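Undergrad: build me a model:
(2 chains)
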Amino acid sequence: DAGVIQSPRHEVTEMGQEVTLRCKPISGHDYLFWYRQTMMRGLELLIYFNNNVPIDDSGMPEDRFSAKMPNASFSTLKIQPSEPRDSAVYFCASGATQGTEAFFGQGTRLTVV
Amino acid sequence: AQSVTQLGSHVSVSEGALVLLRCNYSSSVPPYLFWYVQYPNQGLQLLLKYTSAATLVKGINGFEAEFKKSETSFHLTKPSAHMSDAAEYFCAVSAYGNNRLAFGKGNQVVVIP
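TA: Model prediction:
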């Protein structure tokens, strides 16, 4: 398997624009996580899915953020409208069964100017 | 809820010297514990994990960690640092039955020639 695939790797956008980050998890994994990494706050869990169903979105910072998982092989994280404080590296990770490790993608570095 | 504490954001070690990164956890249920490594502009890669089997866990690149329940610790060690060990290291915890990981703030390791 190619691992967790995220796109794009880098995104630069203007404040107020909509941003969509994409993730393809490892085939067969039933958990999918979205994390955000910043210097100030470290790695934060935004939301996670189990079998395509959102389980906990308490980490989503505000209503401007939304995430979907329409099928087992694809998820999106959308920010609308984007703000400069959303600038961060966003990681997608997937995991299989219970209590195992998460496998991370390469991340999307988002810059909002 | 689970959490981990990593002290000392930056750790400098001489090439050939012992690497020791400390991690203490808090968990209301038996934990699963992980160490991940992140190289610049990369995702997180699993170094090793503890999942209630042997308390001394060996990982990749010569790293190992020991689970000590009495001390609620899971410190990471490597006997002899190599220049290629320069990276950021994260300790993480989850509960059995839940792949959700809670990460520490990370340790940026600098290896001095």
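
Undergrad: what lies in contact with the helix or strand harbouring A:Phe91?
TA: Element membership of A:Phe91 [criterion: DSSP states H and E] is strand A:88-95. Contacts to strand A:88-95, defined as Cβ atoms under 8 Å, 6 or more residues apart in numbering or on different chains, come from residues A:4, A:6, A:21, A:23, A:25-26, A:29-38, A:43, A:75, A:77, A:101-105, A:107-110, B:43-44, B:99. Just so you know, the C-beta spots here come from the backbone N, C-alpha and C atoms, and that holds for glycine as well.

Undergrad: for ChimeraX, what selects the buried ones among these?
TA: Listed next is the ChimeraX selection for buried residues among the contacts of strand A:88-95, using 16 or more other Cβ atoms under 10 Å in any protein chain shown:
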select /A:4,6,21,23,25,26,29,30,31,32,33,34,35,36,37,43,75,77,101,102,103,104,105,107,108,109,110 /B:43,44,99
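
Undergrad: interface residues of chain B facing chain A?
TA: For chain B, the residues in contact with chain A (Cβ under 8 Å from any Cβ of the partner chain) are B:32, B:34, B:36, B:41-46, B:49, B:51, B:90, B:94-106.

Undergrad: drop anything exposed from these.
TA: Buried members of those, counted by 16+ other Cβ under 10 Å: B:32, B:34, B:36, B:43-44, B:46, B:49, B:51, B:90, B:94-95, B:98-106.

Undergrad: hmm, back to that, tell me which strands the strand holding A:Phe91 pairs with, and in which orientation.
TA: Note on strand A:88-95: by DSSP bridges, its sheet partners are strand A:31-38 (antiparallel), strand A:103-104 (antiparallel), strand A:108-112 (antiparallel).

Undergrad: using JSON lines, please lay out those together with mean pLDDT.
TA: Shown next, in JSON lines, are the strands paired with strand A:88-95 (pLDDT from 0 to 100):
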{"stretch": "strand A:31-38", "mean pLDDT": "95"}
{"stretch": "strand A:103-104", "mean pLDDT": "93"}
{"stretch": "strand A:108-112", "mean pLDDT": "98"}
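
Undergrad: and those as CSV, adding distance to A:Thr13?
TA: Below are those laid out as CSV (distance: least, Cβ to Cβ, whole Å):
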stretch, distance to A:Thr13
strand A:31-38, 16
strand A:103-104, 23
strand A:108-112, 6
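
Undergrad: state the number of residues packed around residue 17.
TA: All of this is about chain A. Residues near A:Gln17, counting by other Cβ atoms under 10 Å in any protein chain shown, number 13.

Undergrad: actually chain B
TA: With other Cβ under 10 Å as criterion, B:Ala17 counts 14.

Undergrad: look up how far B:Leu47 lies from it.
TA: 19 Å (Cβ to Cβ, to the nearest Å).
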